[in-house]
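S.K.: return a 3D structure for these sequence lines:
(one chain, ligands or ions: 1)
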Amino acid sequence: MSRTRIKICGLRQPADVDAAVAAGADAIGLVFYPSSPRHVGLAQAAALVERLPPFVTAVGLFVNADAAQLREVTERVPLGLLQFHGDETPAQCAALADTVRLPWLRALRVVAGTRPDDLLEWAHAYAAARGILLDAPAAGYGGGGHSFDWSCIPDALGPRVVLAGGLNARNVADALARVRPYAVDVSSGVERAGQKGVKDPDAIAQFARAVRQADSMR
Ligand SMILES: O=C(O)c1ccccc1N[C@@H]1O[C@H](COP(=O)(O)O)[C@@H](O)[C@H]1O
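M.R.: Numbers count the residues shown, from 1 in each chain. Just a heads-up that it's a prediction; the model follows:
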């Protein structure tokens with residue numbers, strides 16, 4: 001049985017981190033995009049990371065950041081992985097990650113009409129990425145709680161796929177049966193209804209349980 005990794009993104013409060021860890025999350029996401037309602041400041045983010053036990057990764061989410069922002073964040077916040085969620089080219093991702101010597105994920109917004117070959121071509125362009133995160137298009141680059149048509153994801157995309165976009169405890173088993181990604185990433189789906197950035201510990205626990213149950217059926 002393979003275990004689907006779980007990332008809970010957009011955490012802002014100590015209780016959010018504690019709920020994610022208690023639920024068995026493999027990674028938490030911290031949003032360093034100032035326009036996001038889930039944005040965290042440096043001191044806040046550092047305090048959140050301090051609560052993590054070993055082997056739970058802190059992922060820093062950036063949108064069109066420059067090297068100065070990355071340096072400023074990573075000097076204060078011990079991140080394990082970067083998530084580029086803007087318009088960054090392969091060369092920009094590699095150069096930015098190199099300045100802070102961290103591995104990185106690249107997020108792709110899967111628009112209607114995307115074909116499997118488009119995704120393969122795109123993943124090839126970002127071959128240096130540790131993972132390819134597939135998300136639905138959203139105003140403000142992400143975190144919109146919308147899913148997309150998973151049928152365009154080819155098996156050949158391989159074990160680097162992180163599935164995101166509108167996942168929640170109700171649809172994640174279906175997503176796993178169809179896509180079989182390495183990991184799933186959720187933000188809106190574990191928040192209080194209509195309150196972006198306000199996590200619901202029960203929803204986090206339910207999401208993780210749904211993933212583990214789906215894993216046990218394989
Ligand atoms: O969470 C945000 O506000 C955000 C802002 C800018 C880019 C990405 C953002 N979130 C990421 O979007 C995906 C999907 O989130 P959701 O579950 O549909 O809400 C996920 O990777 C978030 O980390």
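
S.K.: show me where the chain has its strands.
M.R.: For the chain, the strands defined by DSSP state E occupy 5-9, 27-31, 57-62, 81-84, 104-109, 131-135, 161-163, 183-186.

S.K.: parallel or antiparallel, which strands does the first one pair with?
M.R.: Paired strands of strand 5-9, with direction, are strand 27-31 (parallel), strand 183-186 (parallel) (DSSP bridges).

S.K.: contacts for the first one, please.
M.R.: So the one you mean is strand 27-31. 5-11, 16-17, 20, 38-40, 45, 48-49, 52, 56-61, 77, 79-81, 83, 143, 183, 185, 187 (Cβ atoms under 8 Å, 6 or more residues apart in numbering). No exception for glycine: its C-beta is placed from N, CA and C like everyone else's.

S.K.: buried set for that strand?
M.R.: 27-31 (16 or more other Cβ atoms under 10 Å).

S.K.: follow-up on the earlier one: tell me which of the strands paired with strand 5-9 sits nearest to Asp98.
M.R.: Closest to Asp98 of the strands paired with strand 5-9 is strand 27-31 (Cβ to Cβ; 20.7 Å).

S.K.: okay, and the beta partners of the residue nearest in space to the middle of the chain?
M.R.: The chain has Asp185 as the residue nearest its centroid, 4.5 Å off, counting by Cα atoms, centre = their mean. Beta-bridge partners for Asp185, by DSSP bridges, are Lys7.

S.K.: ok, now how distant is it from Asp16?
M.R.: Distance of Asp185 to Asp16, computed by Cβ to Cβ, to the nearest Å: 15 Å.

S.K.: could you tell me which residues of the chain lie near the ligand?
M.R.: Taking Cβ under 6 Å from any ligand atom as the contact definition, the chain meets the ligand at 9-10, 29, 31, 33, 36, 38, 61, 63, 85, 133, 135, 140-145, 164-167, 185-189.

S.K.: quick one: buried ones out of those?
M.R.: For the residues of the chain next to the ligand, buried by 16+ other Cβ under 10 Å: 9-10, 29, 31, 33, 36, 38, 61, 63, 85, 133, 135, 141-145, 164-167, 185-189.

S.K.: quick revisit: will you turn the strands paired with strand 5-9 into CSV that also has distance to Phe207?
M.R.: Below are these laid out as CSV (distance: least, Cβ to Cβ, whole Å):
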stretch, distance to Phe207
strand 27-31, 13
strand 183-186, 6
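
S.K.: tell me, how many residues neighbour Ala138?
M.R.: Ala138 is flanked by 16 other residues according to other Cβ atoms under 10 Å.

S.K.: contacts only, for Val77.
M.R.: Here Val77 is in contact with 30, 42, 45-46, 49, 58, 60 (Cβ under 8 Å, 6+ apart).
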